[in-house]
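> Let's see this in three dimensions:
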Amino acid sequence: MRRMLLLVALAFLPLFVIAESAYVVDETEQVIITQFGKPVGGKIDQAGLHWKLPFLQRVNRFDKRFLAWDGDRDEVPTKDKRFIWVDTYARWQITDPLLFFQRLRDLDGARLRLDDIIDGQTRDAIAKYDLVELVRTSNRDAQVDESEPEATAILAPIEVGRERIRQEILENARSKTSDLGIEILDIRFKRINYAEEKVRKALEDRMIAERQRIAARYRAEGDGEASRIRGEKERELKRILSEAYRTAEEIRGRADAQATSIYADAYDQSAQSREFYQFLRSLETFETTTDASTTLLLSTDGDFYRYLKSTGGR
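Numbers count the residues shown, from 1 in each chain. Coordinates of the predicted model:
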């Protein structure tokens with residue numbers, strides 16, 4: 001039985017040795033062979049089947065593709081003493097797996113080293129420029145909402161701009177990784193935001209003050225318009241009252257004139273009626289005081305003579 005087991009073991013030993021000696025390199029990989037922890041030979045980046053010493057040598061695989069680095073949000077002061085939160089990300093690649101293995105060993109070590117390099121270069125670059133340089137990329141004119149007549153945009157001109165600052169961070173970071181077997185392909189700002197406790201409150205207060213100034217402007221314009229309307233109302237009211245008074249006085253004048261005319265006509269009619277009455281009384285007196293044989297001597301100044309004369313003239 002033992003002899004049978006020994007024969008089986010000897011039969012499988014070549015297969016086991018072959019399995020330990022052969023390894024496959026994928027198209028997305030590059031390999032470094034180490035023997036007792038030390039690299040042996042150069043990088044192997046050709047896809048396919050490869051061989052190594054069994055049991056003595058070890059295969060260390062590294063990715064050939066672009067790798068992502070996503071840093072933590074960091075609070076950074078600008079040159080004009082504005083504290084902002086900066087969130088960056090980068091793309092990098094292992095270009096020399098042998099040097100990478102000697103300096104960084106694995107991906108965890110590479111990410112820790114990139115944290116130090118990219119965060120440090122980002123902090124150093126931002127500290128050299130004002131905030132406006134980080135949020136603007138060119139000196140183009142700002143777009144203003146025409147529905148807000150008071151909303152004016154006055155932006156300070158820039159000399160560098162965010163894109164050149166990004167390029168500066170990228171170049172400085174590349175210079176720090178040139179001896180690590182990796183290459184930083186690109187660095188981008190994912191987000192730039194105000195620090196809540198240092199800047200945002202002051203910015204909100206400034207925005208509130210600006211809105212209050214615009215509201216006060218609108219209220220002042222409204223008060224001015226209201227005063228103008230009230231003035232026009234008072235002026236129109238006085239004009240209407242003046243015209244009404246003038247019309248009333250004209251009507252009153254015409255009424256007084258008509259009343260005077262009526263009074264005059266009435267007076268004239270009363271005088272004629274009185275004279276007629278006196279004439280009738282005179283005739284009655286003649287009738288009662290005289291007869292057919294009576295002779296009257298009348299003075300030309302007397303009323304009888306005047307009545308008789310006026311009657312005869314008619």
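
> what's residue 226 in contact with, if anything?
By C-beta atoms under 8 Å, 6 or more residues apart in numbering, no residues touch residue 226. Heads up, the C-betas are built off the backbone N, CA and C, glycines and all.

> wait, isn't residue 41 in contact with residue 31?
No. In terms of C-beta atoms under 8 Å, residue 41 does not count as a neighbour of residue 31; the distance is 9.9 Å.

> the more surrounded of these two?
residue 31 (20 against 13; other C-beta atoms under 10 Å).

> For the more buried one, give me its contacts.
Contacts of residue 31 (C-beta under 8 Å, 6+ apart): 23, 25, 43, 44, 45, 50, 59, 60, 61, 62, 97.

> Help me confirm that it is found in a helix?
No. Residue 31 is assigned strand when assessed by DSSP: H, G, I helix; E, B strand; the rest coil, not a helix.

> any idea how far the closest residue to it other than its chain neighbours lies from residue 51?
Distance criterion C-beta to C-beta, 6 or more residues apart in numbering; nearest residue to residue 31, sequence neighbours excluded, is residue 44 at 4.3 Å. Plainly put, residue 44 is 10 Å away from residue 51 if you go by C-beta to C-beta, to the nearest Å.

> Now stretch 219-229: average pLDDT?
Taken as a whole, stretch 219-229 carries a mean pLDDT of 90.

> centre of the chain versus that stretch, how much separation?
Distance of stretch 219-229 from its chain centroid, counting by C-alpha atoms, centre = their mean, to the nearest Å, is 25 Å.

> Show me which of residue 44 and residue 51 is the more surrounded one.
Neighbour totals were compared for residue 44 and residue 51, and residue 44 leads with 19 against 11 (other C-beta under 10 Å).

> That one: what's it in contact with?
25, 30, 31, 32, 33, 50.

> do you know how far residue 22 is from residue 57?
Distance from residue 22 to residue 57, counting by C-beta to C-beta: 12 Å.
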